[in-house]
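Student: Quick one: sequence plus predicted model below, questions after.
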Amino acid sequence: MKPLVLICSTDYEFYLLLAQILNMGGLESSLVEGAEETLASVKSDELMAVIIDYHSDAFRIGDLVSQIRETLADKALPIAVFVGAGNQQLYLEVLKTGGCEIFMRPFNPERFLSYLSDLLPDGNARSSSERTSGNSLVYAEITMQLDSRRVECNGVDVQLSPIEFRLLQHFLQKPGYVFTRDALIEAAWPQGTFVEPRTVDVHVGRLRRSMRRVLGRDIIRTVRATGYALDERQNAERAS
């Protein structure tokens, strides 16, 4: 049985476009309309992700994401949201909902398909040694497996969005180095994508909170008027 993606949209033509892209990636899709029908459908065991086409005031996106999280309890179901082109304020609003990947319409189908491919399970047939083989990045208690796109801290899996994963990967490649916001945009966002500095701050903030939850401390240092660095030393300096 193919993995299932739930699509919440009132635009049937847009749904057909997404369904075609999903089919190209070997995935099934199911259409729902509105928050009530979405919440009634998210408990399916076959479901691998929820896609929300947000282009009207039919529901509040933050409320819907929170309700999905509450409905699924501890299950970390990926949620992606499509927003209209040029609506930067709505983009920032969606960022604050937590756990979302955001696509601006019109969107890049290759990037969307790549995002979905990253969500596919590694496969239970692979042994643990196979899953941990290949390139990896290690710093402090953080281990990033580049081949399987997994992040662990002290043996605990950390769930990150694709942008947060790419940000952390960039930090791990040069621990202690201070990256400007422009450098982080170039590293984590698709080429040609318009990204405001505030958007970088929001994503780095989400990454910082995710790492703090498993490490019990901050490991990303903010350098005022410059950028950010992955720096374990800041904790030792505060304790001294």
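Tutor: Cool, got the structure.
Student: for Val94, what are its contacts?
Tutor: Residues near Val94 by C-beta atoms under 8 Å, 6 or more residues apart in numbering: Tyr54, Ile61, Val81, Val83, Cys100, Ile102. Where C-beta positions appear, they are placed from N, C-alpha and C, glycine not excepted.
Student: swap the cut-off to 7 Å and go again
Tutor: By C-beta atoms under 7 Å, 6 or more residues apart in numbering, the contact list for Val94 reads Ile61, Val81, Val83, Cys100, Ile102.
Student: Rank the residues you listed by pLDDT and give me only the lowest.
Tutor: Lowest pLDDT of the contacts of Val94: Cys100, 69.
Student: got the residue ranges for the strands in the protein?
Tutor: For the chain, the strands defined by DSSP state E occupy 4-8, 28-32, 47-53, 79-84, 100-105, 136-139, 142-145, 150-153, 156-157, 179-180, 220-223, 227-230.
Student: List the contacts of Ala188.
Tutor: Ile163, Arg166, Leu167, His170.
Student: excluding its backbone neighbours, what's nearest the first one?
Tutor: Nearest-residue entry for Ile163: Ala188, 5.1 Å, with adjacent residues in sequence omitted and distances by C-beta to C-beta, 6 or more residues apart in numbering.
Student: That neighbour and Glu101, how far apart?
Tutor: To Glu101, Ala188 is 12 Å away according to C-beta to C-beta, to the nearest Å.
Student: And for Gly155?
Tutor: Gly155 sits 26 Å away from Glu101, going by C-beta to C-beta.
Student: With adjacent residues omitted, what lies nearest to the spatially most central residue of the chain?
Tutor: Taking C-alpha atoms, centre = their mean, the centroid of the chain lies closest to Ser161, which sits 1.6 Å from it. Nearest residue to Ser161 in three dimensions, chain neighbours excluded: Glu101, at 5.1 Å (C-beta to C-beta, 6+ apart).
Student: again with Pro78
Tutor: Nearest residue to Pro78, sequence neighbours excluded (C-beta to C-beta, 6+ apart): Ala49, at 4.4 Å.
Student: where are the low-confidence patches of this structure?
Tutor: Within the chain, the stretches with pLDDT under 70 are 1, 55-59, 74, 85-89, 97-100, 121-134, 192, 234-240.
Student: Now do the helices in the chain.
Tutor: Taking DSSP state H as the test, the helices found in the chain are 12-24, 34-41, 61-72, 88-95, 109-119, 128-131, 162-173, 181-188, 197-215, 233-239.
Student: Arg221: which of these is closest?
Tutor: Comparing those by their distance to Arg221 (C-beta to C-beta), the top pick is helix 233-239, with 4.9 Å.
Student: still on that earlier bit, show me what the residue nearest to Ser161 is bridged to.
Tutor: Using DSSP bridges, the bridge partners assigned to Glu101 are Ala80.
Student: if I pick it, what's in contact with it?
Tutor: Counting by C-beta under 7 Å, 6+ apart, Glu101 makes contact with Ala80, Tyr115, Ser161, Pro162.
Student: Quick check: of the contacts of Ala188, which has the highest neighbour count?
Tutor: With neighbours defined as other C-beta atoms under 10 Å, the most crowded of these is Leu167; it has 26 neighbours.
Student: does that residue really touch His203, like I thought?
Tutor: Yes - using C-beta atoms under 7 Å, Leu167 is in contact with His203, at 6.3 Å.
Student: Any chance of the helices of the chain in CSV with distance to Ile142 as columns?
Tutor: Putting the helices of the chain into CSV (distance: least, C-beta to C-beta, whole Å) gives the following:
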stretch, distance to Ile142
helix 12-24, 32
helix 34-41, 34
helix 61-72, 25
helix 88-95, 23
helix 109-119, 19
helix 128-131, 17
helix 162-173, 7
helix 181-188, 17
helix 197-215, 7
helix 233-239, 14
